[in-house]
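Enquirer: kindly return the folded structure for what I paste below:
(one chain, ligands or ions: 1)
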Amino acid sequence: MLPDDGPLATARAQLAGAVRRLGYDEGMHQMLATPRREINVAIPLRRDDGTTELFHGYRVQHNVSRGPGKGGLRYHPAVDVDEVRALAMWMTWKCAVVELPYGGAKGGVTIDPRQYSQAELERVTRRYASEIMPMIGPERDIMAPDIGTDERTMAWVMDTYSVNQGYTIPAVVTGKPLEVGGSLGRATATSRGVVHTTRAALHEAGLDLPDVRIAVQGFGKVGGPAAAMYAEAGARVEAVSDENGAVHRDGGLHMHRLREHVARAGTVVGFDGGDPITNDELLTLDVDVLVPAAVEHVLHAGNADQVKAHWVVEAANGPTTGAADRMLEDRGVIVVPDILANAGGVVVSYFEWVQAQQAYWWSEAEIEARLAERMLHAYSEVAETARREELSLRDGALLLSVHRVAEAHRIRGLYP
Ligand code: NAD
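Expert: Below you'll find the predicted structure:
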């Protein structure tokens, strides 16, 4: 059970606040609050032992007024349709904040991928992709990895889609392996964007990464590289965690040794270069910057008043409940919101899609320079809006993005 309300309630409350500030009517509010299309599929899996098991999967296109749907695919036992709806709505705002020509979408399958073999996961993925096929495509809806999925999952989706269409269509997914049309820099793009926005937020206080102590919750595709990049840039990464537990060391963890340990043990737990602490303790550590990079609603009414960090940089989607958000704001904690902080992944996904459409690939240096430029531009637009309207960075980001999406609707007009 998630603390406070679920992610969909949080996402809807955020939208309601932005609509009220922007002065749109209830019709526009309802249009922006309601997913444009959603599909709910049953996925029967033939297990390696010959038995059959059934899973439920979803694909939600929240909004496609600015372009095709864009968003990740999550494999996690807690996936349900409301979580997917919330994540799809956040994707709409995220793409609008960084001015990508996309709407927002998300997919999920309620499955614990660690309990299944690679062959079983491949069958689940191909069946899921087949079931949602009428809804996806490079001009309709483009998938990417999220929790529990990776570049191999994307290769299976791309292959299933391509075989059924009769020719190779790399632009149907992003975050795929380089060998089949992936982009340089995509695997670390979300983390790199998180580091860019952290640095931009610190600069506003006259600080830089070597001046701060950081705790990172979640050591997956986003949290792992982000922790390494922070450390490389001179920050002291004093604690990291995954779902099994956390480790802490005053003065900073030795990142290279930690990553070696994780490669061996599959978890940060047991690393001898720090002391074990709990995930709850990590969130309330005496550090300057807290980076939740795991799941939703880890900061809630029950712990937000104990957060000691001055900056919370939301690498995860929706890590803060509405109640926690208000408590942090009242205490002067600066929250760099998810739709801005973790947008680096979708920015380079966009670059990957553009490259695949043109069949012309860019250098890593080019991608990194363009990513930095987009992230810093978006940060300064959000910060400027927040200052002008006397809002938090989250409300500033929502104001900008909801306005962009609502204006696309207004200008296109209503059919018929
Ligand atoms: P991942 O599956 O690679 O990693 C998730 C990490 O979080 C793992 O280390 C896992 O052990 C840990 N974790 C799970 N539950 C936890 C808990 N309760 N406490 C502490 N740690 C926990 O997933 P990811 O792709 O790194 O995604 C992490 C977050 O970032 C998600 O919210 C995702 O939606 C968001 N995100 C990901 C991308 C991307 O490009 N992968 C882009 C934007 C946003």
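Enquirer: and the residue of the stretch 201-350 of the chain found nearest the ligand, which of the three is it?
Expert: Using CB to the nearest ligand atom, the single residue of the stretch 201-350 of the chain nearest to the ligand is G220, 1.7 Å away. (Glycine included, C-beta is placed from N, CA and C.) Secondary structure for G220, judged by DSSP: H, G, I helix; E, B strand; the rest coil, is coil.
Enquirer: isn't it right up against A293?
Expert: Yes - assessed by CB atoms under 8 Å, G220 is found in contact with A293 at 7.1 Å.
Enquirer: of those two, who's got more company?
Expert: Neighbours per residue (other CB atoms under 10 Å) separate G220 from A293, with A293 holding more: 30 against 18.
Enquirer: once you drop chain neighbours, what's closest to that one?
Expert: G223 (3.3 Å; CB to CB, 6 or more residues apart in numbering).
Enquirer: centre of the chain versus stretch 7-19, how much separation?
Expert: Relative to the chain's own centre, stretch 7-19 is displaced by 17 Å; criterion: CA atoms, centre = their mean, to the nearest Å.
Enquirer: any part of that stretch near the ligand?
Expert: No - counting by CB under 6 Å from any ligand atom, the ligand has no neighbours in stretch 7-19; the shortest distance is 10.0 Å.
Enquirer: same check on stretch 341-351?
Expert: Yes - on the criterion CB under 6 Å from any ligand atom, stretch 341-351 is in touch with the ligand at N342, G345.
Enquirer: can you pull the residues of the stretch 101-250 of the chain lying near the ligand?
Expert: 145-148, 190, 217-223, 241-243.
Enquirer: show the pLDDT at the residue of the stretch 201-350 of the chain closest to the ligand.
Expert: We have a pLDDT of 97 for G220.
Enquirer: could I get the contacting residues of it?
Expert: The contact partners of G220, taken as CB atoms under 8 Å, 6 or more residues apart in numbering, are I147, D242, A293, A294.
Enquirer: thought the third one was touching N317?
Expert: Spelled out, that is A293. No - with contacts counted by CB under 8 Å, A293 stays clear of N317, the gap being 10.1 Å.
Enquirer: still on that earlier bit, got the contacts of G220 as TSV, with pLDDT columns?
Expert: TSV is the format used below for the contacts of G220 (pLDDT from 0 to 100):
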residue	pLDDT
I147	96
D242	98
A293	98
A294	97
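Enquirer: tell me, how many residues neighbour H377?
Expert: 12.
Enquirer: and it, what pLDDT?
Expert: With respect to pLDDT, H377 has a value of 98.
Enquirer: distance-wise, check it relative to W90.
Expert: 20 Å (CB to CB, to the nearest Å).
Enquirer: what do you get for G108?
Expert: Applying CB to CB, the value for G108 to W90 is 13 Å.
Enquirer: ok but E139 is inside a helix, no?
Expert: No - using three-state DSSP, the assignment for E139 is coil, not a helix.
Enquirer: so what's it up against?
Expert: P68.
Enquirer: can you pull out the low-pLDDT segments for the stretch 51-200 of the chain?
Expert: Scanning the stretch 51-200 of the chain for pLDDT under 70 picks out nothing.
Enquirer: isn't V98 up against Y379?
Expert: No - counting by CB under 8 Å, V98 sits too far from Y379 to count as a contact (9.8 Å).
Enquirer: what touches both of these two?
Expert: L340.
Enquirer: more neighbours: which of the two?
Expert: Taking other CB under 10 Å, V98 and Y379 do not tie; Y379 has more neighbours (27 against 24).
Enquirer: secondary structure element for the more buried one, which one?
Expert: helix 364-389 (DSSP states H and E).
Enquirer: swap in E53?
Expert: E53 belongs to strand 52-63, assigned by DSSP H and E.
Enquirer: and the helix holding Y379, what does it pack against?
Expert: helix 189-203, helix 338-341, helix 344-358, helix 393-412 (3 or more CB pairs under 8 Å, 6 or more residues apart in numbering; DSSP states H and E).
Enquirer: give me that answer again for 10 Å
Expert: Helices and strands touching helix 364-389, by 3 or more CB pairs under 10 Å, 6 or more residues apart in numbering; DSSP states H and E, are helix 81-97, helix 189-203, strand 334-336, helix 338-341, helix 344-358, helix 393-412.
Enquirer: of these, which stretch is the most buried?
Expert: Highest mean neighbour count of these: helix 338-341, a mean of 30 (counted as mean count of other CB atoms under 10 Å).
Enquirer: so what's the gap between it and the chain middle?
Expert: With CA atoms, centre = their mean as the basis, the mean position of helix 338-341 lies at 8 Å from the chain mean.
Enquirer: so for it, mean pLDDT?
Expert: 98.
Enquirer: next: stretch 386-404.
Expert: 98.
Enquirer: export only the CA atoms of it, formatted as PDB.
Expert: Taking Å, rounded to 0.1, in the frame of the first residue of the first chain, the C-alpha atoms of stretch 386-404 are listed here in PDB:
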ATOM      1  CA  ALA A 386       8.800  29.800 -11.100                       C
ATOM      2  CA  ARG A 387      10.500  33.100 -10.100                       C
ATOM      3  CA  ARG A 388       8.100  35.200 -12.100                       C
ATOM      4  CA  GLU A 389       5.000  33.400 -10.900                       C
ATOM      5  CA  GLU A 390       6.400  32.900  -7.300                       C
ATOM      6  CA  LEU A 391       6.000  29.100  -7.600                       C
ATOM      7  CA  SER A 392       8.000  26.100  -6.800                       C
ATOM      8  CA  LEU A 393      10.100  24.500  -9.600                       C
ATOM      9  CA  ARG A 394       7.400  21.800  -9.900                       C
ATOM     10  CA  ASP A 395       4.600  24.200 -10.200                       C
ATOM     11  CA  GLY A 396       6.600  26.300 -12.700                       C
ATOM     12  CA  ALA A 397       7.400  23.200 -14.800                       C
ATOM     13  CA  LEU A 398       3.700  22.200 -14.800                       C
ATOM     14  CA  LEU A 399       2.600  25.700 -15.700                       C
ATOM     15  CA  LEU A 400       4.900  25.700 -18.700                       C
ATOM     16  CA  SER A 401       4.100  22.200 -19.900                       C
ATOM     17  CA  VAL A 402       0.300  22.200 -19.300                       C
ATOM     18  CA  HIS A 403       0.100  25.500 -21.100                       C
ATOM     19  CA  ARG A 404       2.000  24.100 -24.100                       C
END
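Enquirer: appreciated, that's everything.
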